[in-house]
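A.B. asks: Got a sequence here, can you build the structure:
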Amino acid sequence: MNKITVKLRKERIEFGINQYKYLIGSNYSDKHQIVQSIKKCFERGNNSEFAIDNNSELWFKINDKDVDIRKYKLFNITSIFDYKTEIKLGAKSIILNYLEAIFKDIEYDDLVNTLRIIKDDLGVSMSDRIEQNNHYKLNLKFEEITLKGLLKQVEVSLYKDQLISNEYDLSYEDLVLFQIDLITKITENIRDFEYICIIEIPVVTQIIKEAIEKVKQKNLMILIVSNDSYIKNVDINNFLSLNKQIIDFSDEVSIYNDIILNLERNSTIQDIREHVSLYFNSEGRQDDLNLSKIL
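C.D. replies: Residues are numbered from 1 along each chain as shown. Sure thing, here's the model as predicted:
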């Protein structure tokens, strides 16, 4: 399990994460700050004078170490998929990263080698034509074929049911699943990096939840930030509750200090885990321990 440490205003929080972590609860301010702290780390931006003067700097660590952004990549999934920006294949484009992952070895492809020969022959032919019509000789040579060069010439179209489509033709779940699938393929094919994916969506549907839980890449951690107050059939170790308190349910010390010591009756950690599981996994909010007063 990895340990995530995030600075929020004048305090810091810690939580454990294996493959993924659900940030649930009504404290939207802290959720926002956690996401902002992580994003800021990858933007290489300095803390502002205001933040420094007010001791409200944002920072983010993994296993008590500063994140080396030469070794980590960050992806952000939302339900508002900017398809027009994505197909321009800018540096932050998920589609660009996907294409680079899938075609990482294309420069050694036989067809690309054939194209090199054709381009070299064309360069010679064009140079000869210039020499025939001029007293001066100009040697023309095409740029070497590279993956980045090829992708600059690519025009991307999205197809659905064999017809050209766009983001408006995709359902809410389609948009999220499409991005999850792209990022999964990236992490499978490019293992030189560790990856962090932040999924910011209104609701985690059953289909989206199943897609998240299918992700098994050891080099990928996923943070799911939603408006859900409960999510069915999730191991509570994968919950970070942000309500009246911030409680990591994978941390027994946090469970003891933040819950058991505040209960009106004696309980064991195992007992609390069972009650919390019912509390966060059911719409009816079974709450025999009055957890709502604590959480």
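A.B. asks: How is the protein divided into domains?
C.D. replies: Split into domains by automatic domain parsing, the chain comes to 2-81+170-293, 90-167.
A.B. asks: Need the winner for burial among the ones you listed.
C.D. replies: Comparing these by mean neighbour count (mean count of other Cβ atoms under 10 Å), domain 2-81+170-293 comes out on top with a mean of 16. All C-beta spots, glycine's among them, are computed from the backbone N, C-alpha and C.
A.B. asks: From the chain's centroid, how far away is that one?
C.D. replies: Centroid displacement of domain 2-81+170-293 relative to its chain, using Cα atoms, centre = their mean, to the nearest Å, is 12 Å.
A.B. asks: Mean pLDDT per helix and strand in the chain: which one sits at the bottom?
C.D. replies: The helix or strand with the lowest mean pLDDT-type score in the chain, counting by mean pLDDT, DSSP states H and E, is helix 49-53 (a mean of 70).
A.B. asks: Regarding the residue nearest the centre of the chain, which helix or strand does it belong to?
C.D. replies: The centroid of the chain falls nearest to residue 197 when counting by Cα atoms, centre = their mean (1.7 Å). Using DSSP states H and E, residue 197 sits in strand 194-200.
A.B. asks: cool, residue 120 as well?
C.D. replies: Using DSSP H and E, residue 120 sits in helix 110-132.
A.B. asks: Residues touching that helix, excluding its own?
C.D. replies: With contact meaning Cβ atoms under 8 Å, 6 or more residues apart in numbering, helix 110-132 is reached by 106, 137-142, 144-145.
A.B. asks: That helix: what's the following helix or strand?
C.D. replies: Following helix 110-132 in sequence, per DSSP H and E, is helix 147-152.
A.B. asks: to the chain's geometric centre, what's the distance from that next one?
C.D. replies: Distance of helix 147-152 from its chain centroid, counting by Cα atoms, centre = their mean, is 24 Å.
A.B. asks: tell me what it is packed against?
C.D. replies: Counting contacts by 3 or more Cβ pairs under 8 Å, 6 or more residues apart in numbering; DSSP states H and E, helix 147-152 is packed against helix 94-102.
A.B. asks: What's the per-residue pLDDT of residue 55 here?
C.D. replies: pLDDT, residue 55: 66.
A.B. asks: as a whole number, average confidence for the helix holding residue 120?
C.D. replies: On average, helix 110-132 scores 90.
A.B. asks: Same question for stretch 196-215.
C.D. replies: On average, stretch 196-215 scores 96.
A.B. asks: Not counting its own residues, what contacts that stretch?
C.D. replies: Contacts of stretch 196-215 (Cβ under 8 Å, 6+ apart): 19-20, 22, 35, 38-39, 72-79, 172-173, 176-177, 180-181, 183-184, 220-228, 231-234.
A.B. asks: coming back round to it: what is the orientation angle of the strand holding residue 197 with helix 94-102?
C.D. replies: Here strand 194-200 points in a direction 150 degrees away from that of helix 94-102 (axes from the mean of the first three to the mean of the last three Cα atoms, to 10 degrees).
A.B. asks: just the strands in this structure please.
C.D. replies: With strands called from DSSP state E, the chain shows them at 2-8, 11-17, 20-24, 60-62, 65-66, 72-78, 158-160, 163-165, 194-200, 220-225, 239-242, 246-248.
A.B. asks: Can I get those strands in a markdown table including distance to residue 279?
C.D. replies: Output for the strands of the chain, formatted as a markdown table (distance: least, Cβ to Cβ, whole Å):
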| stretch | distance to residue 279 |
| --- | --- |
| strand 2-8 | 23 |
| strand 11-17 | 18 |
| strand 20-24 | 11 |
| strand 60-62 | 29 |
| strand 65-66 | 34 |
| strand 72-78 | 27 |
| strand 158-160 | 40 |
| strand 163-165 | 41 |
| strand 194-200 | 23 |
| strand 220-225 | 18 |
| strand 239-242 | 9 |
| strand 246-248 | 12 |
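A.B. asks: Among those strands, which comes closest to residue 84?
C.D. replies: strand 158-160 (10.9 Å; Cβ to Cβ).
A.B. asks: what lines up beside the closest one in the sheet?
C.D. replies: strand 163-165 (antiparallel) (DSSP bridges).
A.B. asks: Lovely, talk soon.
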